[in-house]
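Q: I'll drop the sequence and a predicted model, then ask my questions.
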Amino acid sequence: MPVVSSPAGAPISAHHRKKQPEQVRRALLDCAAQIAAEQGAQAITIQAVADRAGVTKGGLLHHFDSKQALLAAVFSDLLEQMDREIDRTMAGDPVARGRFTRAYVRACFSDRMLGERSLWAALSVAIVSEPALRALWSSWLDGRMARHAETDGDPKFIAVRLAADGVWLADMMEKAGGLQRYGQDFEAVLLAMAES
């Protein structure tokens with residue numbers, strides 16, 4: 001983290017630095033995500049994130065009162081990114097029936113080649129073991145299903161999304177073996193099944 005200096009060249013302490021809470025919060029989320037992608041979610045600690053972001057533990061705890069709150073915020077941020085990716089993909093799909101399912105499949109396959117460096121891969125174990133993250137996922141999925149029930153409620157589309165989830169689970173459990181067993185070309189198979 002670069003050291004901020006005064007015009008005279010002396011470092012500026014946190015007490016004299018301009019407060020920018022949204023930028024600090026964003027930096028904390030980004031640093032926690034980087035740690036998760038590099039070392040796994042278990043490596044996210046208050047101290048590790050504070051050190052990487054160049055803030056004190058107290059500064060981090062001002063924004064997130066616990067490791068679980070930080071992890072939930074990172075996961076919420078990831079869901080928002082996935083939402084935007086799905087919305088962009090849906091905007092380019094002229095066929096309404098199955099549009100969400102096709103976008104969901106594309107989102108599930110979008111970072112598979114990153115393997116263990118994928119943030120989804122890094123947080124996958126935490127999703128299974130953390131009730132708060134499971135609740136966030138369920139809420140996100142319920143909201144999407146409510147929005148797209150008319151176009152994507154057909155059991156065929158549900159089966160395709162479950163198959164995409166199965167590939168994600170295989171990747172999580174088998175790491176590189178999942179890519180070998182279910183190659184990236186499996187995305188095209190699922191997309192073909194999701195055609196109306």
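A: Thanks, I have the structure now.

Q: and the helices in the protein?
A: Ranges of helices within the chain are 21-39, 46-53, 57-63, 67-91, 99-109, 119-129, 131-147, 149-152, 155-174, 176-181, 186-193, based on DSSP state H.

Q: with respect to burial, which of these scores highest?
A: helix 99-109 (a mean of 24; mean count of other C-beta atoms under 10 Å). C-beta here means a position set from N, CA and C on the backbone, and glycine is covered the same way.

Q: what's the average pLDDT for that one?
A: When pLDDT is averaged over helix 99-109, the result is 94.

Q: ok, stretch 164-181 next?
A: 73.

Q: worst average pLDDT in the helices of the chain?
A: Mean pLDDT is lowest for helix 176-181 out of those, coming in at a mean of 62.

Q: any idea which residue sits dead centre in this structure?
A: Taking C-alpha atoms, centre = their mean, the centroid of the chain lies closest to Leu78, which sits 2.8 Å from it.

Q: ok, that one touching Ser124?
A: No. Leu78 is beyond contact range of Ser124, at 11.0 Å (criterion: C-beta atoms under 8 Å).

Q: output stretch 100-112 as PDB, nothing but the C-alphas.
A: The C-alpha trace of stretch 100-112 is given here as PDB (Å, rounded to 0.1, in the frame of the first residue of the first chain):
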ATOM      1  CA  PHE A 100     -32.300 -16.400 -17.400                       C
ATOM      2  CA  THR A 101     -31.300 -20.100 -17.500                       C
ATOM      3  CA  ARG A 102     -28.900 -19.500 -20.500                       C
ATOM      4  CA  ALA A 103     -27.400 -16.500 -18.700                       C
ATOM      5  CA  TYR A 104     -27.100 -18.500 -15.500                       C
ATOM      6  CA  VAL A 105     -25.300 -21.300 -17.300                       C
ATOM      7  CA  ARG A 106     -22.900 -18.800 -18.900                       C
ATOM      8  CA  ALA A 107     -22.200 -17.200 -15.500                       C
ATOM      9  CA  CYS A 108     -21.600 -20.600 -14.000                       C
ATOM     10  CA  PHE A 109     -19.000 -21.400 -16.600                       C
ATOM     11  CA  SER A 110     -17.500 -17.900 -17.000                       C
ATOM     12  CA  ASP A 111     -14.500 -18.400 -14.700                       C
ATOM     13  CA  ARG A 112     -14.000 -22.100 -14.600                       C
END
